[in-house]
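Asker: 3D model of this:
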Amino acid sequence: MPKTEVILTHNIVGLGGESDQVRVAAGYARNYLFPQRLAIPLTQANKRHTEALKQKRAEREAHEFNTMTELSKGVQKLICVIKVKAGEDGKMFGSVTAGMIADELKHQFDITLEKRKIHLEHPLKTLGEHEIELHLHAEVKSTLKVRVESLTPVTAPAEAAAETKTDEGKKARTEKRGHGKHAETEKVEAAPEEKKPRAVKGEKPVKAKSEKKAKAE
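Answerer: You can find the predicted model right below:
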């Protein structure tokens, strides 16, 4: 594919900034860059515009630097909440991407941020709070707190463990009471009958009080 040289008149991500001279596909220049006034052909006449374009670029970059510096201070105080679908055990269905974070920043705080400036090594796949790095400018970095929450109630592990422990404790106490009652029953059943006093040789036998009382009646 034939190439052509152009002078960029605007900043184009991945290609260059104002006044940069770059080689691009001829069709790309003819069908996109030139009609959108993002570049001009590299000619001797157009080279005279280079200084003006450099000044324009310097002003743009200074403005971006100041804007991003202010933004970096603000976003550090924010917590971006993202609701997701998750099971009762807290396991997420899907993940949170840089694009989703960019959308929520716009929705919650009216902050427009390109998703490429949200640095995620991999999508977020767990509930809870995450600290995300933002590459706002070549010289400006910041962090943003992102809290991923479930759309439905989730049983916390500690809560579940406590409930299990409580249930086990109740079961153990119930079993202990059952064993205690069983032991008492066995003790009563095994108790020996009351022996009557033996008569000593030469003495009259001693009758039980209950027998005497019965005769008296």
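
Asker: Could you measure from residue 146 over to residue 54?
Answerer: Distance, residue 146 to residue 54, using Cβ to Cβ, to the nearest Å: 39 Å. In this view, the C-beta of every residue, glycine as well, is placed from N, C-alpha and C.

Asker: how about the strands in the chain?
Answerer: Here the chain has its strands, by DSSP state E, at 3-8, 21-25, 39-41, 79-84, 118-119, 128-137, 140-150.

Asker: other SSEs contacting the second one?
Answerer: Translated: strand 21-25. When contacts are defined as 3 or more Cβ pairs under 8 Å, 6 or more residues apart in numbering; DSSP states H and E, strand 21-25 packs onto strand 3-8.

Asker: ditto for the first one
Answerer: Using 3+ Cβ pairs under 8 Å, 6+ apart as the contact criterion, the neighbours of strand 3-8 among helices and strands are strand 21-25, strand 39-41, helix 50-75.

Asker: contacting residues for the spatially closest residue to residue 37 that is not a sequence neighbour?
Answerer: In this structure, residue 37 finds its nearest non-sequential neighbour in residue 9, 6.5 Å apart by Cβ to Cβ, 6 or more residues apart in numbering. Residues near residue 9 by Cβ atoms under 8 Å, 6 or more residues apart in numbering: 18, 37-40, 49, 53.

Asker: ok, and what's touching stretch 24-34?
Answerer: Outside stretch 24-34, the residues within contact range by Cβ under 8 Å, 6+ apart are 1-4, 6, 15, 38-41.

Asker: Mind giving me the ChimeraX select for the residues you listed, buried ones only?
Answerer: Per 16 or more other Cβ atoms under 10 Å, the buried members of those correspond to this ChimeraX selection:
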select :4,6,15,38,39,40
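
Asker: Now flag whichever of the contacts of stretch 24-34 is closest to residue 118.
Answerer: The closest of those to residue 118 turns out to be residue 15 (Cβ to Cβ; 21.4 Å).

Asker: wait, the closest one sits on residue 22?
Answerer: Yes. With contact defined as Cβ atoms under 8 Å, residue 15 counts as touching residue 22 (6.1 Å).

Asker: for the protein, what helix or strand is lowest in average pLDDT?
Answerer: helix 209-216 (a mean of 47; mean pLDDT, DSSP states H and E).

Asker: burial of residue 115, as a residue count?
Answerer: Number of residues near residue 115 (other Cβ atoms under 10 Å) recorded here: 14.
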